[in-house]
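K.L.:
Fold the following for me, if possible:
(one chain, ligands or ions: 2)
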Amino acid sequence: MPATALHCRICETEQPLEALGACPRCFGPLDPVYDWERVEREFTPEVLAAGPRSIWRYAPLLPVEPPADARLAPGLTPLLPAPRLAEELGIGELWLKLDTANPTHSFKDRVVAVAAAKAQELGLGTLACSSTGNLANAVAARAAAEGLEAAVFVPVDLEPEKLLATAVYGATIYAVRGSYDHCSRLTVELSFELDWAFVNVTLRSYYAEGSKTLAYEIAEQLGWQAPDAIVCPIASGALFTKIGQGFVELRRLGLVDRPPRLFGGQAEGCSPVAAAFEGGGRVNPVRPATVARSLAIGNPADGDFAVATARDTGGAVHTVSEDDVVENMGLLAEKTGVFGETAPGVTLGALRRAVEDRALGGSDRVVSRLRPIEIEPNADRVLERLAAA
Ligand SMILES: Cc1ncc(COP(=O)(O)O)c(C=O)c1O
Ligand SMILES: [Zn+2]
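P.N.:
Ligands and ions are numbered 1, 2, ... in the order given. Model prediction:
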């Protein structure tokens, strides 16, 4: 494993590779640092191509030893061209990264796989998290695959389907009477009391690195090229920030020429990062009220870093209206055959804003409504309606 230490993004001190949720000196976020001589030897297109067909092929830039028995391994999800949607939007090339193909249908399987490997290295028997839904699923499934216990803390009013999907793996679910931000604070407090692996608290430095594998995969799947832009949804801001970091690393290795511009999206009812991007200041917490439940984090831990990533890459963070989120879920399905949850509706909204702003257009390569008609069970009524349309 080429990670050598944890490095504080704020005060720049180094810490040992332990379960440290934050820098003990300044509470800043900690990122693993790597032995670059070794990375340069091991992170080459040839070596990677011979590796496992999962995130573990990128082990030279991950902060854990890859599991000897990589069960239920996430990653290497399809990168799918979406020509009909590209044409509709007026974009040169549009690709969809189908992370729904991961074991629990979101990118959270990537981050949890890395955190779980660290938990096992530290001998911790319970995986735990605060979650807006998808992370709970990923934690529960990973625990089931590895034979660990799982304890997840979710807002009490989470969609029942999400709770069911987590419960089926045998996780203990704590439905917290409050918002995600209450769950998050609760797990921070509990992490001082319990000997559990809180994947997005005490193991956050390891967990967040899993998101970089999306950058590596997109570049590898495009034949070691970066797209012109990447569009993705933002909740805590970790995914967005780490995709940016992944491309910086690929450039350092000479595997891509220039990093892509990064565009983020947030639903209007929970858009503290977009507001900070537009207003030019720091992220101010909000109380979420959005259909995009999986993105409803009012106090995003990596929000300011996400704003910096958008600025540094020449991208942006856009607000998408609640109505547009739902409409875009429909547009995505109609033009690509891919049906996601609300988060892809937010992503497509951000992409449309970037096109409207002429930030993206015909020469760019970009990776990125349910309105039933109520009617009687009567053929004449259907035919009448069709004739009137
Ligand atoms: C499907 C999906 N996409 C994107 C995100 C955003 O990730 P992050 O919290 O790292 O910004 C989440 C977070 O919960 C999610 O569930
Ligand atoms: Zn520090």
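
K.L.:
what mean pLDDT does stretch 166-176 have?
P.N.:
Averaged over stretch 166-176, pLDDT sits at 91.

K.L.:
tell me the contacts of Leu80?
P.N.:
By CB atoms under 8 Å, 6 or more residues apart in numbering, the contact list for Leu80 reads 95-98, 336, 338. The C-beta positions use only the backbone N, C-alpha and C, and glycine is treated the same way.

K.L.:
Which secondary structure element of this structure has the lowest mean pLDDT?
P.N.:
helix 379-388 (a mean of 79; mean pLDDT, DSSP states H and E).

K.L.:
Show me what it is packed against.
P.N.:
Of the remaining helices and strands, none touches helix 379-388 by 3 or more CB pairs under 8 Å, 6 or more residues apart in numbering; DSSP states H and E.

K.L.:
Identify each buried residue in that helix, please.
P.N.:
By 16 or more other CB atoms under 10 Å, helix 379-388 has no buried positions at all.

K.L.:
What of stretch 258-271?
P.N.:
Buried-residue list, stretch 258-271, by 16+ other CB under 10 Å: 259-271.

K.L.:
likewise stretch 272-287?
P.N.:
Applying 16+ other CB under 10 Å to stretch 272-287 flags 272-277, 283, 286 as buried.

K.L.:
Ok, stretch 245-261 next?
P.N.:
Counting neighbours by 16+ other CB under 10 Å, one finds that the buried residues in stretch 245-261 are 245-250, 253, 255-256, 259-261.

K.L.:
Ok, stretch 73-81 next?
P.N.:
For stretch 73-81, by 16+ other CB under 10 Å, it's 73-77, 79-80.

K.L.:
Mind picking the two most distant members of those residues?
P.N.:
Ala73 and Leu80 (20.3 Å; CB to CB).

K.L.:
Mind listing the residues bridging to Cys8?
P.N.:
Under DSSP bridges, the beta-bridge partners of Cys8 are Leu30.

K.L.:
Please tell me I have it right and it contacts Phe27.
P.N.:
No. If you go by CB atoms under 8 Å, Cys8 and Phe27 don't touch, sitting 9.1 Å apart.

K.L.:
So those two - more neighbours on which side?
P.N.:
Cys8 (21 against 11; other CB atoms under 10 Å).

K.L.:
Quick one: residues contacting that one.
P.N.:
Residues counted as contacts of Cys8 (CB under 8 Å, 6+ apart) are 14-15, 23, 25-26, 28-30.

K.L.:
please redo it, this time with the cut-off set to 10 Å
P.N.:
14-15, 20, 22-31, 205 (CB atoms under 10 Å, 6 or more residues apart in numbering).

K.L.:
Secondary structure and pLDDT added to those residues, as JSON lines?
P.N.:
Below are the contacts of Cys8 laid out as JSON lines (DSSP: H, G, I helix; E, B strand; the rest coil; pLDDT from 0 to 100):
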{"residue": "Glu14", "secondary structure": "strand", "pLDDT": "97"}
{"residue": "Gln15", "secondary structure": "strand", "pLDDT": "97"}
{"residue": "Leu20", "secondary structure": "coil", "pLDDT": "95"}
{"residue": "Ala22", "secondary structure": "coil", "pLDDT": "94"}
{"residue": "Cys23", "secondary structure": "coil", "pLDDT": "96"}
{"residue": "Pro24", "secondary structure": "coil", "pLDDT": "95"}
{"residue": "Arg25", "secondary structure": "coil", "pLDDT": "96"}
{"residue": "Cys26", "secondary structure": "coil", "pLDDT": "96"}
{"residue": "Phe27", "secondary structure": "coil", "pLDDT": "94"}
{"residue": "Gly28", "secondary structure": "coil", "pLDDT": "94"}
{"residue": "Pro29", "secondary structure": "coil", "pLDDT": "95"}
{"residue": "Leu30", "secondary structure": "strand", "pLDDT": "97"}
{"residue": "Asp31", "secondary structure": "strand", "pLDDT": "97"}
{"residue": "Ser205", "secondary structure": "helix", "pLDDT": "98"}
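
K.L.:
just curious, which of the buried residues of stretch 73-81 is nearest to Leu386?
P.N.:
Leu80 (32.8 Å).

K.L.:
and the nearest residue to Met329 once chain neighbours are set aside, how many neighbours?
P.N.:
Of all residues not flanking Met329 in the chain, Gly345 sits nearest, at 3.9 Å (CB to CB, 6 or more residues apart in numbering). Using other CB under 10 Å, Gly345 is surrounded by 27 other residues.

K.L.:
Contact partners for Gly345?
P.N.:
233, 265, 267, 291-292, 320, 322, 324-333, 369.

K.L.:
which parts of this protein sit against ligand 1?
P.N.:
Residues of the chain found near ligand 1 (CB under 6 Å from any ligand atom) are 106, 132, 134-135, 233-240, 294-295, 343.

K.L.:
Which one (most neighbours) among these?
P.N.:
Ile234 (36 neighbours).

K.L.:
And for the residue of the stretch 201-350 of the chain found nearest ligand 2, nearest residue in space, chain neighbours not counted?
P.N.:
Closest to ligand 2 within the stretch 201-350 of the chain is Ser205: 12.0 Å, counting by CB to the ion. Residue nearest to Ser205 in three dimensions, not counting chain neighbours: Leu30, with 4.4 Å by CB to CB, 6+ apart.
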